Every structure is written in C-alpha cells, then in structure tokens.
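**Q** what would the 3D arrangement of this be:
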Amino acid sequence: MARRKKQYIDFTSAGSGITGTLAGIGGATAGSTGSENILKFSNNETLYHHVNGTQTILIPAVTATGLNIGQDQTNDDGMELSTDPVTGSGGVQFVVGTDPAFYFACTINIPDVSGTDDLAVGFRKAETYQAALDNYDEMAAFNVISGDIKTETIINAAATVTTDTTDNWADAATKTLKVLVSAAGVVTYQIDGAAPTASAAFTFDSGEVVIPFVYMLHASDIAGAVTITSWDVGYQ
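**A** Below you'll find the model as predicted:
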C-alpha cells in the first residue's frame, strides 16, 4: 500500500475501536512496558500506540472532549502515538528532500502542566519505538516540561539539544503546537499560529524518512487527563 501524505482526526467525533497489536497477530490490547497496539477510529483512521511504563487502562479513551492519553495517570508512566513507525504501509511518512514541505499540528489540553516530564509533539525518524525520547536517531519537536514550552532536536543520535522558547503553558489551557519542515528539511515551529519567542535552527538529513508523533510521560505531580482534540498532518 502506498504511503499516505495526509491525515486529519477530530477526536471529539472520532469514536474508537482496536483492531489488533502491532505485531500483526490481532487479539486483545496490552498495557505492559513496550506493548504496541493499533488504534482504529470510527472514521477509519489508524494510529499506533506504544506503552511507556505499565498501564492498567490499556489504551487512550475517546471522550466528548477528545482523546484522553493520560491513561493510569501514574508517575513515569506514559505513551507514544504515531503513524506506522517502521514500514509506512498505509501510514503517513515523509522523505526529507524528496517530498515537498510538510507539517504536523496537534491541539492538546493539559490539566496540570507541572505533571509533565515530557509532552513532545513533532517529527522523528521512522524507526522502532524507543522508551526514552532522547534515544531517537533524529527528531525535531516541541516538548512541554513542567509548563515550559521547549523545542528539542536530535541529529544522527547525538545528544538532544533543548531550547527554551520562553513561552509557557498554563494549567487547563489548550494550545495547538505545529512543527513545519521545508522541502530541504529546515524545521520551524508555531504555537497557536505564531512563531515561538525563541527557537534554535535545525535541519533534518536529506533522505531521512520521518513520521509525526506525540510522546507523553507523567511526572510525580501527574498531568491529569491530557487530551488531544485534533491531529493534523500533511503537505504545507
């Protein structure tokens, strides 16, 4: 199946159901560390779900306000959502330097911002899931850490470069984070449609295959029912 280049999910009306596990064997979803589930929504859109920590609430829940990714709301527990992380079969992936400019925008509500160890939104290399955000080979993303909106980048498995935008997120606020990548791989950022106050220059390697993702990990204060309202990815 050809790689798709557009995906939009309004989680306030998406509905939910599970088709099987990422391993391709079908059956019940799982919440143990490293488990990988496939989430299929009633509009036939699909996302992949990776468990960080151990979850007794096995998958995110669709509510009237969106997709609740808080799950168990336990310190050091969390999850990652992405399109197909490896094969791209039917999933949304982009090839830097081949595809025209593209973007990922995600609208999120955070009840308690001091409860986020990580809440990252952006693009990463299409590779197997990593337990730690810093372990990806290439990445460009926002990361909301205890209310501070930062950008974080990784190039060729080097150390993560973290830049404080000096913009902040208040408790119970909803914001749209957007990461844009030019045809040449140059990354820019927007918060609610405007450039952040500060950011650092970054360019993905030409030829790198990247996917949109959201990574969330609770801190000891617990972020609460972190809710994604919409997921929007495609060409600029």
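**Q** immediately after the helix or strand bottoming out on mean pLDDT in the chain, which helix or strand?
**A** Within the chain, no helix or strand scores below strand 17-21, which has a mean of 51 by mean pLDDT, DSSP states H and E. Per DSSP states H and E, the first helix or strand lying C-terminal to strand 17-21 is strand 36-40.
**Q** what packs against that next one?
**A** For strand 36-40, the packing partners by 3 or more Cβ pairs under 8 Å, 6 or more residues apart in numbering; DSSP states H and E come out as strand 17-21, strand 46-52. All C-beta atoms are positioned from the backbone trio N, CA, C, and that covers glycine.
**Q** Val209 versus the nearest residue to Thr203 once chain neighbours are set aside, what's the distance?
**A** With sequence-adjacent residues excluded and distances taken as Cβ to Cβ, 6 or more residues apart in numbering, Thr203 is closest to Gly185, at 4.7 Å. Between Gly185 and Val209 the computed distance is 12 Å (Cβ to Cβ, to the nearest Å).
**Q** which neighbours do the two share?
**A** Common contacts of Gly185 and Val209 (Cβ atoms under 8 Å, 6 or more residues apart in numbering): Val96.
**Q** any idea which helix or strand carries Asp232?
**A** Using DSSP H and E, Asp232 sits in strand 227-235.
**Q** what comes up buried for that strand?
**A** Applying a neighbour-count criterion of 16 or more other Cβ atoms under 10 Å, one finds 227-234 buried in strand 227-235.
**Q** how about residues contacting that strand?
**A** So strand 227-235 is contacted by 5-12, 47, 63, 65-70, 81, 83, 92, 99-109, 174, 212, 214 (Cβ under 8 Å, 6+ apart).
**Q** before we move on, what about stretch 112-122?
**A** So stretch 112-122 is contacted by 76, 78, 104, 106, 108, 110, 133, 139-147, 152, 169-171, 173, 177, 179, 212-224, 226 (Cβ under 8 Å, 6+ apart).
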